[in-house]
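Quick one: sequence and predicted model below, then my questions.
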2 protein chains.
Amino acid sequence: MNRRSFHRAPEGERRQELIEATLDCISEFGLKGATVRQIAIRAGVTAGLVRHYFESKDQMVAEAYRAVIASLTDKASQVEGDPETRLRDFIAINLTEPVADSRSISLWAAFISQVRVDPVLAEIHREGYLAFRNTLQELLADFLAAKGKPADAETCRAFAIAINGLVDGLWVEGCLAGDLFREGELVAIAMSSAEALLGTSIGTAKQ
Amino acid sequence: MNRRSFHRAPEGERRQELIEATLDCISEFGLKGATVRQIAIRAGVTAGLVRHYFESKDQMVAEAYRAVIASLTDKASQVEGDPETRLRDFIAINLTEPVADSRSISLWAAFISQVRVDPVLAEIHREGYLAFRNTLQELLADFLAAKGKPADAETCRAFAIAINGLVDGLWVEGCLAGDLFREGELVAIAMSSAEALLGTSIGTAKQ
DNA sequence: GTCGCTATTATTCAAGCGTATAATAATACG
DNA sequence: CGTATTATTATACGCTTGAATAATAGCGAC
């Protein structure tokens, strides 16, 4: 009964591998199919190891959700340049790979479907959502101010809700049925829609 | 060992009850928690009965998904009146209960997260999505024509994608964090946004 | 080098899963 | 009113699940 040889992973690395394997399994097999054993296979370890790094499978899944939110919001929150460029990039980033792809929405949906069930996931979700919308709202405040338009809190709030909805909705459409759209079509529609909503050019001529 | 007494349900009714119980369980416990036993308890029967009405649990779940799509699209596809009223009602219906509530999005998300996994669900999803967007596109074509605006296919397509995105996105926002919005706020934002996008009043003054 | 620590494997366990089968209660029909 | 039909219950089966435990292989310290 010889024991299989193995490799000791460096500090923290195995944790990350397990989280990534968890997400792979959820996107490929659904939450149901993401079993401890399946995740371990994907990570190239045995099932028992999960409990060496996490208190429970549920805790590992919760951390995996944090990773998903980060992957969906990090890039868009780090836009740089003048207000117009930042707004344009924010929209484009959210409607282009890797943020907009079928894996992303599978993961997002899997967790969203659990928000009512699991208070821990609900809290993680709410934080991420508010951060995302606040980022957009500040972006819009800067943009409107730069354009010499009214930028009071109430106006910014309404615009943030509308554009957040627009971007989210197009993101969902693109993720779920990307093949129904031409290359760059969703981004183009989002840009011209945002211009119509805000009543201002956002410099899409440059493209 | 006395056997519990029971009631024989009329034609087709039990089927419907089982589907409804399936949806209840999915929204409350997630897809994972929607087990045959739990569903049976909710429906007030024993687990074995499921297989008397459905070939398998998976088939029952697929039919439950059809029911969800129907509940999300039926009302909006039956709008009546002049083009302007129909468009206005279409938007309002999708952003008001019962279409917009947390149970709806739990169910929607649970199934969306399975679309990549299960080809049967993927097919059901695609049909529903295309039907929904076509309804909206025809609505817009009528509306633009009535307003004397250009209503060629390409224009309608772009508007349909944009407004579908807007409505879907606001629907998601409202379902997930309804408490962050004032009564009627989402509908109001959707209406004014649609007007800005289309460059036309849609008669929200009446309100 | 070898010793001690711990990351990893291997194995086991009880609980819960979807399904299959047989007994039986409720209804329809002559 | 008796009998055939079938919707429903009750029970059992084999399998998978997340978790617990004990053995051990890898690796840094000395």
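In hand now; what should we look at? Numbers count the residues shown, from 1 in each chain, chains lettered A, B, ... in the order given.

Now A:R8. Its backbone dihedrals?
When read as degrees, to the nearest 10, the backbone of A:R8 gives phi -80, psi 120.

Pull the number of nearby residues for it.
Around A:R8 there are 6 other residues, counting by other C-beta atoms under 10 Å in any protein chain shown. C-betas here are computed from N, CA, C, even on glycine.

How confident was the prediction at it?
A:R8 carries a pLDDT value of 90.

distance of it from A:V45?
For A:R8, the distance to A:V45 (C-beta to C-beta, to the nearest Å) stands at 11 Å.

One more: A:T35?
In terms of C-beta to C-beta, A:T35 sits 14 Å off from A:V45.

Which residue of the two possesses the greater neighbour count?
A:V45 (20 against 14).

Look at that one and report its pLDDT.
You'll see A:V45 listed with a pLDDT of 96.

my guess is it meets A:R14, correct?
Yes: A:V45 lies in contact with A:R14 (C-beta atoms under 8 Å); the separation is 7.4 Å.

quick one: average confidence on the helix or strand that A:D89 is a member of?
Using DSSP states H and E, the element containing A:D89 is helix A:83-94. If you average the pLDDT over helix A:83-94, you get 96.

One more: stretch A:60-80?
95.

Quick check: buried residues in that stretch?
Across stretch A:60-80, burial judged by 16 or more other C-beta atoms under 10 Å in any protein chain shown covers A:60-65, A:68-69, A:71-73, A:75-76, A:79.

How about the contacts made by A:F90?
A:F90 is in contact with A:A76, A:V79, A:T135, A:L136, A:L139, counting by C-beta atoms under 8 Å, 6 or more residues apart in numbering or on different chains.

Quick check: it vs A:G203, distance?
For A:F90, the distance to A:G203 - C-beta to C-beta - is 13 Å.

re the thing from before, ok, is the following helix or strand past the helix holding A:D89 in contact with DNA strand D or not?
Following helix A:83-94 in sequence order, the next helix or strand is helix A:102-112 (DSSP H and E). No: judged by C-beta under 7 Å from any atom of the strand, helix A:102-112 stays clear of DNA strand D, getting no closer than 13.5 Å.

Which helix or strand contains A:V120?
Assigned by DSSP H and E, A:V120 belongs to helix A:119-146.

does chain B sit close to that helix?
Yes: applying C-beta under 8 Å from any C-beta of the partner chain, one finds helix A:119-146 touching chain B at A:H125, A:R126, A:Y129.

Buried members of those into ChimeraX, please.
Buried subset of the residues of helix A:119-146 next to chain B, written as a ChimeraX selection, criterion 16+ other C-beta under 10 Å:
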select /A:125,129
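
Name the nearest of the residues of helix A:119-146 next to chain B relative to DNA strand D.
A:H125 (21.0 Å; C-beta to the nearest atom of the strand).

Quick one: name the residues of chain A near DNA strand D.
So far as C-beta under 7 Å from any atom of the strand goes, chain A lies against DNA strand D at A:2-3, A:5-8, A:34-38, A:47-48, A:50-51, A:56-58.

The residues you listed, buried ones only, as a ChimeraX selection?
Selection of buried members from the residues of chain A next to DNA strand D for ChimeraX, criterion 16+ other C-beta under 10 Å:
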select /A:34,36,38,50,57
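
Report how many residues lie close to A:A153.
Neighbourhood size, A:A153 [other C-beta under 10 Å]: 9.

That one and DNA strand D, how far apart?
Distance, A:A153 to DNA strand D, using C-beta to the nearest atom of the strand, to the nearest Å: 45 Å.

so what's that residue up against?
Residues counted as contacts of A:A153 (C-beta under 8 Å, 6+ apart): none.

Distance of it relative to A:G184?
Distance from A:A153 to A:G184, by C-beta to C-beta: 34 Å.

List the buried residues of stretch A:97-110.
Neighbour-count burial for stretch A:97-110 flags A:V99, A:A100, A:R103, A:S104, A:I105, A:S106, A:L107, A:W108, A:A109, A:A110 (criterion: 16+ other C-beta under 10 Å).

same check, this time on stretch A:145-157
Taking 16+ other C-beta under 10 Å as the criterion, stretch A:145-157 shows A:K147, A:A151, A:C156, A:R157 as buried.
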